[in-house]
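S.K.: after the sequence you'll find the predicted model.
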Amino acid sequence: MNGAVTHRYARALFGAAEGAGQVETIDQALQMIAEAVRMAPDLQTVLEHPLLGVDEKSGVVERIFGDAVQPLLNRFLRLLFMRGRSEYIEAVAAAFHQLADESRGRLQVELVSAEDLDEEQLHSITSIVGSQLGKSVSAEVTVKPELLAGYKLRVGNRVIDATLKGMLTDFAHKLSGGRVGKEGQL
């Protein structure tokens, strides 16, 4: 299933949850289920098993998560099971969480840094991005020393590359393209 279909399922669930005033509770429960599927391969195997019916899969979810699975979420999961889409629970959960965050004015970004960032540096970057986008920004930080220096920021489909490696690569492309201007300017 491609991203467009995953987002279609997530948007449908989000619309229903929003209409029922359950965005927060559905988001929390869906994140909990997705994490359990991610951490327990046996659970994933059961939910994806082609010989188990919708009632069996739904029963497993109800026994494990109990009241955390509200009727709306239960109906949604049954729909996924019925359509043979169990393997996409994690992707739908991630897309739903993104929609929930957007509705709250929050944005999660990916920040890849060449070195560990202290709290002040991280706050500075997220504040600048947040003020530009008019949202509250939080970052998932990954350290990759091979970037040499700087950071790479992913905001949705957009990537801001402020790494030394990225600048050197860009410089090399400009040089190889013969785009050297007057007096060595690029």
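M.R.: Okay, I see it. Residues are numbered from 1 along each chain as shown.

S.K.: quick one, what contacts the nearest residue in space to residue 104 that is not next to it in sequence?
M.R.: Excluding the flanking residues, the one nearest residue 104 by Cβ to Cβ, 6 or more residues apart in numbering is residue 136, at 8.0 Å. C-betas here are computed from N, CA, C, even on glycine. Going by Cβ atoms under 8 Å, 6 or more residues apart in numbering, residue 136 touches 104, 105, 106, 107, 130.

S.K.: could you measure from residue 58 over to residue 5?
M.R.: 22 Å (Cβ to Cβ, to the nearest Å).

S.K.: nearest to residue 140, of the contacts of residue 136?
M.R.: residue 107 (11.4 Å; Cβ to Cβ).

S.K.: for stretch 17-26, what is the distance to the chain centroid?
M.R.: 19 Å (Cα atoms, centre = their mean, to the nearest Å).

S.K.: neighbours around residue 98, how many?
M.R.: 17 (other Cβ atoms under 10 Å).

S.K.: distance of it from residue 115?
M.R.: 28 Å.

S.K.: picking that back up, and residue 58 and residue 5? Which one has more around it.
M.R.: residue 58 (19 against 13).

S.K.: after the helix or strand hosting that one comes which helix or strand?
M.R.: In the assignment (DSSP states H and E), residue 58 maps to helix 54-65. Per DSSP H and E, the first helix or strand lying C-terminal to helix 54-65 is helix 71-82.

S.K.: which of the helices or strands spans residue 17?
M.R.: helix 3-19.

S.K.: what does that helix contact?
M.R.: 23, 26-27, 30, 72-73, 76, 80, 85, 88, 91-92, 95-96, 98-100, 103.

S.K.: if we use 10 Å, what do you get?
M.R.: If you take Cβ atoms under 10 Å, 6 or more residues apart in numbering as the criterion, helix 3-19 is touched by 1-2, 22-27, 30, 70, 72-73, 75-77, 79-80, 83, 85, 88-100, 102-103.

S.K.: repeat for stretch 154-164
M.R.: Residues contacting stretch 154-164 (Cβ under 10 Å, 6+ apart): 98, 102, 107-114, 125, 129, 132-133, 135, 137, 139-140, 144, 146-153, 166-167, 169-170.

S.K.: and it, C-alpha only, in PDB?
M.R.: Backbone C-alpha positions of stretch 154-164 (Å, rounded to 0.1, in the frame of the first residue of the first chain) are rendered in PDB as follows:
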ATOM      1  CA  ARG A 154      13.500  17.300   7.500                       C
ATOM      2  CA  VAL A 155      10.100  19.100   7.700                       C
ATOM      3  CA  GLY A 156       7.500  17.000   5.900                       C
ATOM      4  CA  ASN A 157       8.800  16.500   2.400                       C
ATOM      5  CA  ARG A 158      11.300  19.400   2.600                       C
ATOM      6  CA  VAL A 159      14.900  19.000   3.600                       C
ATOM      7  CA  ILE A 160      17.200  21.800   4.800                       C
ATOM      8  CA  ASP A 161      20.800  20.700   4.500                       C
ATOM      9  CA  ALA A 162      23.100  22.900   6.600                       C
ATOM     10  CA  THR A 163      25.900  20.300   6.800                       C
ATOM     11  CA  LEU A 164      29.500  20.700   5.800                       C
END
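
S.K.: nice, that's everything, thank you.
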